[in-house]
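Trainee: have a look; sequence and predicted model below, questions after that.
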Amino acid sequence: MKNILTLYVTTIFILISAVANSQQASQKIEMVLDEIGNAKLHISMTMNASQWQQWNGTYGANPSALKRDMKRSMPAFILDDFNLEKDDMSRSFNLSLIAYGVCRIDKRGRWIMDTDKKDAQLTALTERNYMIISSPPEFGGNLQQTLMIKFPDTAHSIKVDKDSFGKTVFEFKMDNPSNSFNIVRWSGLFLMVVGCGWFGKNAIFQTKYN
């Protein structure tokens, strides 16, 4: 099943052309989790002149291509509510979207969020706010990503643990939403299962080598 770090890394494709010139680049992703395990993502980046020209020619001027490629690269998630804002003066963009089924519930009723990464560089900022800093090897150290994770107020007993493969996972409990939200909750889980059935080869690598 896809996981948060995989989803996190697959957003790289929106700036592949921007880092192709081997210049250092940085990207910030904010992930706000809700009470039913879905996430609202905000992705932002500021570029230099040459990076902006390449990115803008690929995606900035064609938001529909960005939406299409993002869905193709993350088939295990249901993605919705895309909104791209760009600022030519500051050579920056902000992309927001919703990803359904980022968290799952295990057999014991615990909420789990996988990272698929051994010894993830986690920093606990507050009780419900965490930061992960990563430099994906696909780009030779030329890209630094900062992921900010915010758990909902109903989440508690959050702890960082390891799965059977030694990979970092978040485990937490969450107060049940009111009955009026039960249908929405199970709808989110259903979408997660459907999304997992669409798991396929990651489009990052196809985009990178095209």
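Mentor: That came through, no problem.

Trainee: who are the contact partners of the nearest residue to Tyr59 once chain neighbours are set aside?
Mentor: Leaving aside its sequence neighbours, Tyr59 sits nearest to Leu66 (CB to CB, 6 or more residues apart in numbering; 4.2 Å). All C-beta atoms are positioned from the backbone trio N, CA, C, and that covers glycine. Listed by CB atoms under 8 Å, 6 or more residues apart in numbering, the contact set of Leu66 reads 14, 59, 82, 84, 95.

Trainee: what sits against the third one?
Mentor: So the one you mean is Phe82. Contact partners of Phe82, counting by CB under 8 Å, 6+ apart, are 63, 66-67, 70, 95-97.

Trainee: run the last query once more with 7 Å
Mentor: For Phe82, the contacting residues are 67, 97, by CB atoms under 7 Å, 6 or more residues apart in numbering.

Trainee: quick one: distance of stretch 30-50 to the chain centre.
Mentor: Remark: stretch 30-50 is offset 7 Å from the chain centroid, using CA atoms, centre = their mean, to the nearest Å.

Trainee: whoops, stretch 68-81 was the one
Mentor: From the chain centre to the centre of stretch 68-81 is a distance of 11 Å (CA atoms, centre = their mean).

Trainee: flag every buried residue along it.
Mentor: 69-79 (16 or more other CB atoms under 10 Å).

Trainee: let's see which of the residues you listed end up in helices.
Mentor: Using DSSP state H, the members of the buried residues of stretch 68-81 that fall within helices are 69-73.

Trainee: just put those in TSV and tack on pLDDT and distance to Lys107.
Mentor: Putting these into TSV (pLDDT from 0 to 100; distance: CB to CB, whole Å) gives the following:
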residue	pLDDT	distance to Lys107
Asp69	79	36
Met70	80	32
Lys71	81	30
Arg72	79	32
Ser73	72	30
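
Trainee: I'd like those residues laid out as JSON lines, including distance to Lys159.
Mentor: Shown next, in JSON lines, are these (distance: CB to CB, whole Å):
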{"residue": "Asp69", "distance to Lys159": "35"}
{"residue": "Met70", "distance to Lys159": "31"}
{"residue": "Lys71", "distance to Lys159": "33"}
{"residue": "Arg72", "distance to Lys159": "34"}
{"residue": "Ser73", "distance to Lys159": "30"}
